[in-house]
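[1] Predicted model and sequence below, questions to follow.
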Amino acid sequence: MSEAFLAIVNPAAGGGRCRKLVGPALDRLRAGGVKFEMVETSAPGQGTEFARDAYAKGYRKFIAVGGDGTSYEIVNGLFPAAGSGERPTLAFLPLGTGNSFLRDFSDRGVEYAAEALLAGRAQPCDVLRLKHKEGVIHYINLLSMGFAADVATLRARRFSAWGELGYRSSIFICLARFRRRPFPLRVDGREEIDRRRCLFLTFNNSKFTGGTMMIAPNAEVNDGLIEYVRWGPIGRVGLVRNLSTLYDGTHIHHPLAERQAVRRVDFQLDTPVDIMVDGEVFTLHCQTLDVLPSALNVVV
């Protein structure tokens, strides 16, 4: 069993920002006595392969060097194998764009993450598991359906090279389309199926998304629960007027909003839907969502 961390670096994270900053960040850890080895990804999904192979070889400690997408890939390399073995540890050097997960603990980004690594601070973290018709994925931040997923999917498919302009263009187009539709589901085995139309649904393990948007202010990363936030069929004008509340978490007090802390969600979808998971976009036929309590240690 290796006692060293494996630092999985995505040099393209943050529009290439990670490539410029990773050297000094790792030098600081090395000078502080943190033992690690390093690999760099060169293609999407490679972080998952590196983490899976390293776990099979006895590595149990990992550093995600990049953004939320890098962490997502590592988590999916560790699970499901890690679910029946020794609990792995995940640390962060947030040199990417979003870095939403760490916002639950600090807004000091890489400085805070490096301090946590040097001090050896760690705590348990739940892992959320989504089963779909073609397989299973795991995550530690959030899964969303509806408006936010529509924006992210459009940006990824049509405007990925446009930077901030691509993000704003995707928002404008989705506001023009403004789809409010049902995503039928049942929570915690209840008899009733919720078929109400909504603007979006999110299933959260932590509070933030998009870097600074506090979509789930009541979420806790190690309570064994899914923080389920729903915003009903609000209109365009209402959404624009209430956009600021998505950043301070007060949107959950809107008359069309609601939140629950649940252990399981059973989706009753007829077809695959676009979803966003920890900043990554997929089109999946979702079936069940549940929690692996305290399945991961996070260095925070």
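    Looks like it arrived, so ask away. Here the structure is a predicted model, which is why all the values come from computation and not from measurement.
[2] following the helix or strand harbouring Gly166, which helix or strand comes up?
    Counting by DSSP states H and E, the element that carries Gly166 is helix 164-177. Using DSSP H and E, the helix or strand that directly follows helix 164-177 along the chain is strand 181-182.
[3] same for that next one, what does it pack against?
    Applying 3 or more C-beta pairs under 8 Å, 6 or more residues apart in numbering; DSSP states H and E, one finds that strand 181-182 contacts strand 197-198. (Glycine included, C-beta is placed from N, CA and C.)
[4] what helices or strands is the strand it packs on leaning on?
    Strand 197-198 packs on strand 181-182, going by 3+ C-beta pairs under 8 Å, 6+ apart.
[5] returning to that earlier point: which other helices and strands contact the helix holding Gly166?
    Helices and strands touching helix 164-177, as assessed by 3+ C-beta pairs under 8 Å, 6+ apart, comprise helix 147-158, helix 236-242.
[6] closest one to Leu6 among these?
    Taking C-beta to C-beta, helix 147-158 is the member of these nearest to Leu6, at 27.6 Å.
[7] Show residues contacting the closest one.
    Applying C-beta atoms under 8 Å, 6 or more residues apart in numbering, the contact partners of helix 147-158 are 144, 162, 166-167, 169-171, 173-174, 177, 179, 199-200, 202, 209, 215, 239, 273-276, 279, 281, 283.
[8] Just the C-alpha atoms of the helix holding Gly166, please, in CSV.
    C-alpha atoms of helix 164-177 as CSV (Å, rounded to 0.1, in the frame of the first residue of the first chain):
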residue,chain,number,x,y,z
GLU,A,164,-17.4,33.7,-21.0
LEU,A,165,-19.2,34.8,-24.1
GLY,A,166,-20.2,31.2,-24.7
TYR,A,167,-21.6,31.0,-21.2
ARG,A,168,-23.6,34.2,-21.6
SER,A,169,-24.8,33.2,-25.1
SER,A,170,-26.1,29.9,-23.7
ILE,A,171,-28.0,31.6,-20.9
PHE,A,172,-29.6,34.0,-23.4
ILE,A,173,-30.7,31.1,-25.7
CYS,A,174,-32.1,29.1,-22.8
LEU,A,175,-34.0,32.1,-21.5
ALA,A,176,-35.5,32.5,-25.0
ARG,A,177,-36.5,28.8,-25.1
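[9] Could you pull up the mean pLDDT of it?
    Averaged across helix 164-177, the pLDDT comes to 82.
[10] So, low pLDDT: which residues of this protein?
    163-164 (pLDDT under 70).
[11] how about the helices of it, start to end?
    Per DSSP state H, the chain carries helices over the ranges 17-31, 46-56, 68-78, 109-119, 147-158, 164-177, 236-242, 245-248.
[12] Tell me which of those is the most buried.
    Here the criterion is mean neighbour count by mean count of other C-beta atoms under 10 Å, and of these the winner is helix 68-78, at a mean of 27.
[13] Report the angle between it and helix 46-56.
    40 degrees (axes from the mean of the first three to the mean of the last three C-alpha atoms, to 10 degrees).
[14] Quick one: residues contacting the closest residue to Tyr228 other than its chain neighbours.
    Nearest in space to Tyr228, with sequence neighbours left out and distances taken as C-beta to C-beta, 6 or more residues apart in numbering, is Gln260 at 4.8 Å. With contact taken as C-beta under 8 Å, 6+ apart, Gln260 is in contact with Val187, Glu227, Tyr228.
[15] Output the helices and strands packed on helix 164-177 in TSV, with distance to Ala116 appended to each entry.
    Written out in TSV, the entries for the helices and strands packed on helix 164-177 read as follows (distance: least, C-beta to C-beta, whole Å):
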stretch	distance to Ala116
helix 147-158	28
helix 236-242	34
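[16] Nearest to Glu73, out of the ones you listed?
    Comparison of these against Glu73 by C-beta to C-beta identifies helix 147-158 as nearest, at 15.4 Å.
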